[in-house]
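Colleague: Sequence and predicted structure, then a few things I'm wondering about:
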Amino acid sequence: MLTDIKNEAHLLAIKTVMELIVKFDKILIDAENIVKSSKREEFIVQNPITLHESAYNWAVKLLTEIGDLDTLEKYLT
């Protein structure tokens, strides 16, 4: 079961990177760094209930956490 959660967390991390690229116009390396630096996969493994959230919601949360308000304002207004 833990392996399944780890796999799902990794898949959600990949989808979050894709959302950052597609919806928020981030380049691949920046999107990967945002997700890696957040340690989101580890958080999800420890809190599997968070798997129900969409990759888009995770992308918004990560942009908020790093204070990228310019991107949020540009794409959410």
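Modeller: All right, it came through fine.
Colleague: Mind telling me what element the nearest residue to Ile44 once chain neighbours are set aside is part of?
Modeller: Sequence neighbours aside, Ala9 is the residue nearest to Ile44 in space, at 3.9 Å (criterion: C-beta to C-beta, 6 or more residues apart in numbering). Every C-beta, even on glycine, is put in place using the N, C-alpha and C of the backbone. Here Ala9 is covered by helix 2-22, with elements defined by DSSP states H and E.
Colleague: Quick check, pLDDT for Lys23.
Modeller: pLDDT recorded at Lys23 is 97.
Colleague: which residues does it contact?
Modeller: Applying C-beta atoms under 8 Å, 6 or more residues apart in numbering to Lys23 gives the contacts Tyr56, Ala59, Tyr75.
Colleague: count of residues packed around Tyr75?
Modeller: Tyr75: 13 surrounding residues under other C-beta atoms under 10 Å.
Colleague: My read is that it contacts Phe24, right?
Modeller: Yes. Between Tyr75 and Phe24 there is a contact at 5.5 Å, judged by C-beta atoms under 8 Å.
Colleague: Give me the contacts around the least confident helix or strand in the chain by mean pLDDT.
Modeller: Counting by mean pLDDT, DSSP states H and E, the weakest-scoring helix or strand in the chain turns out to be helix 40-46, with a mean of 89. Contact with helix 40-46 is made by 2, 5-6, 8-10, 12-13, 16, 50-51, 58, 62, as judged by C-beta under 8 Å, 6+ apart.
Colleague: List the buried residues of it.
Modeller: Buried residues in helix 40-46, defined by neighbour count with 16 or more other C-beta atoms under 10 Å: Arg40, Glu41, Ile44, Val45.
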